[in-house]
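A.B. asks: 3D model of this:
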Amino acid sequence: MVMPLFTRPIALLSTAFLFASVAWADCECGYTVNGTLYTELLETDFLHTNQLNETGWMTQVYSVESDAARGPFGKAAEAKQVAPNPLKSRYDWAGDGIDGGDAGLQLLVSNPGKSGMIPMGEMATNRSDMRYGSFRAAIQLTGQKGTCGAFFWYLNNSHEIDMEFLSSQFNESSHPVNLVLQSEDSVKAGYDAGNTNDFDTYQLPFDPSEGFNEYRFDWFEDRVEFYANGVFLKSMSGEGVPKDPGHLMLSQWSNGDPRWSGGPPKQDAVMTVSYVKGYFNSSDTQRQGDWKNRCKDINAPNATCEVPEITGPPQTNTTAKTFFFSQQQNMTVNQTVSGGNPNTIESGAWSIHASTQSISTFTLLSALVLFMNWRS
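C.D. replies: Below you'll find the predicted structure:
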């Protein structure tokens with residue numbers, strides 16, 4: 001006689017054992033970078049979207065007069081200076097954008113003409129709960145002289161982690177990146193981090209205006225490490241390392257200051273971004289609770305996922321395909337990533353991946369145990 005399933009404790013015990021030892025979904029406990037675990041993920045693929053309101057980023061619109069901009073010109077961040085230019089086909093990973101030129105998110109700086117305000121492009125993430133993490137962006141800088149292109153984390157003018165590129169510094173033999181921690185010391189120095197210990201310039205072995213390259217900073221409680229194309233550049237520590245949460249930003253601007261941005265450019269200067277990725281911890285108590293609920297066993301197989309690192313020479317004229325956890329099956333459960341995946345539940349400008357988007361190893365094994373007990 002076959003006993004009803006609910007009277008069979010052995011079958012239930014087997015299922016409970018599987019529940020405790022097998023992850024519901026890959027990466028449910030987070031993502032690791034050089035052995036450090038981060039609970040949150042942000043991935044934005046600018047090569048395949050023209051709907052910026054679905055990417056988790058906000059176009060910045062504001063103006064700053066020349067005195068506050070600390071230059072002979074003011075700055076005017078305008079929506080029209082931020083232009084999505086995705087690839088013509090969603091299946092491609094290289095080629096021109098739909099509007100011609102390099103595909104990706106374009107941030108423009110324009111000549112002000114007779115105006116005293118230089119038009120510029122800037123974006124910021126919706127999320128401002130990022131505290132410690134590994135952040136990277138693939139960017140092609142402009143070849144037009146007279147702008148500052150930047151990828152950075154920001155809370156305020158005295159709590160900032162910057163990778164900045166001055167196009168006026170680029171020539172045949174010099175391609176520097178400026179590594180900056182804007183701190184209380186830089187504020188006291190008249191917002192000039194160059195007069196503090198939180199500034200350094202590193203000569204890159206490639207031209208940032210000729211192709212996409214990945215720029216990255218890893219932010220820890222006691223230091224910030226900078227990278228380019230996976231190669232370590234510099235570590236900064238001390239009081240200038242931020243401790244509070246903030247958000248990521250992308251920007252290209254000019255105020256005409258000959259000591260920094262130079263310019264303004266004689267014609268439109270375009271900085272193009274193909275992707276941004278962030279693996280980080282959240283300061284938000286709800287997100288911390290979400291992590292505790294979904295991470296049942298941090299030592300379970302596939303409960304954590306290692307972030308792949310790029311290697312090899314810099315890209316030149318095209319953007320090669322890159323790895324996104326959010327474009328794999330079952331690797332971003334309860335994470336917020338840019339839209340476009342049919343297996344998601346829409347939530348505002350973000351998509352929260354449902355835990356039912358694919359059948360997990362736990363589901364298959366549990367079903368097999370139950371079936372075998374039912375047959376016996």
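A.B. asks: show me the contacts for Gly74.
C.D. replies: Ser63, Val64, Glu65, Ser66, Ala68, Gly116, Met117, Ile118, Asn255 (CB atoms under 8 Å, 6 or more residues apart in numbering). For the C-beta atoms, the positions are set from N, CA and C on the backbone; glycine is no exception.
A.B. asks: Throw these into TSV and include secondary structure, thanks.
C.D. replies: Putting those into TSV (DSSP: H, G, I helix; E, B strand; the rest coil) gives the following:
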residue	secondary structure
Ser63	strand
Val64	strand
Glu65	coil
Ser66	helix
Ala68	helix
Gly116	coil
Met117	strand
Ile118	strand
Asn255	coil
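A.B. asks: now, among those residues, which is nearest to Asp284?
C.D. replies: Taking CB to CB as the measure, Asp284 sits nearest to Val64 out of those, at 29.7 Å.
A.B. asks: tell me how far Leu108 lies from Glu78.
C.D. replies: Spatial separation of Leu108 from Glu78 under the definition CB to CB, to the nearest Å is 9 Å.
A.B. asks: now do the shared contacts for those two.
C.D. replies: The overlap between the contact sets of Leu108 and Glu78 (CB under 8 Å, 6+ apart) consists of Pro119, Met120, Gly121.
A.B. asks: Leu108 and Glu78: which has the busier surroundings?
C.D. replies: Leu108 (21 against 18; other CB atoms under 10 Å).
A.B. asks: now the strands for the stretch 1-150 of the chain?
C.D. replies: Secondary structure of the stretch 1-150 of the chain (DSSP state E, counting those that start in this stretch): strands located at 30-33, 36-38, 40-45, 57-59, 62-64, 74-77, 82-85, 104-109, 117-125, 130-140, 148-156.
A.B. asks: just the helices from this structure, written as ranges.
C.D. replies: Along the chain, the stretches classed as helices by DSSP state H are 9-21, 66-69, 184-188, 285-294, 361-375.
A.B. asks: can you tell me the average pLDDT over the longest one?
C.D. replies: The pLDDT scores in helix 361-375 average 43.
A.B. asks: who's in contact with Leu87?
C.D. replies: Listed by CB under 8 Å, 6+ apart, the contact set of Leu87 reads Leu47, His48, Trp93, Ala94, Gly95, Asp96, Gly97, Ile98, Ala103.
A.B. asks: try it again at 10 Å.
C.D. replies: Contacts here follow CB atoms under 10 Å, 6 or more residues apart in numbering; on that basis Leu87 touches 46-49, 93-98, 102-104, 274, 319.
A.B. asks: circling back: now render the strands of the stretch 1-150 of the chain as CSV, adding mean pLDDT.
C.D. replies: Listed next are these as CSV, based on pLDDT from 0 to 100:
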stretch, mean pLDDT
strand 30-33, 98
strand 36-38, 98
strand 40-45, 94
strand 57-59, 96
strand 62-64, 96
strand 74-77, 98
strand 82-85, 97
strand 104-109, 97
strand 117-125, 98
strand 130-140, 97
strand 148-156, 97
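A.B. asks: what's the most buried one of these?
C.D. replies: Compared across the strands of the stretch 1-150 of the chain, strand 104-109 shows the largest average neighbour count, a mean of 26 (mean count of other CB atoms under 10 Å).
A.B. asks: where does Gly190 land on pLDDT?
C.D. replies: pLDDT at Gly190 comes out at 72.
A.B. asks: er, Gly194 actually
C.D. replies: Among the per-residue scores, Gly194 shows a pLDDT of 72.
A.B. asks: where in the stretch 251-376 of the chain is pLDDT low?
C.D. replies: 312-320, 336, 338-376 (pLDDT under 70).
A.B. asks: what is the neighbour count of Gln51?
C.D. replies: Residues near Gln51, counting by other CB under 10 Å, number 12.
A.B. asks: make sure it is actually in contact with Asp45.
C.D. replies: No: with contacts defined as CB atoms under 10 Å, Gln51 does not count as touching Asp45, sitting 11.9 Å away.
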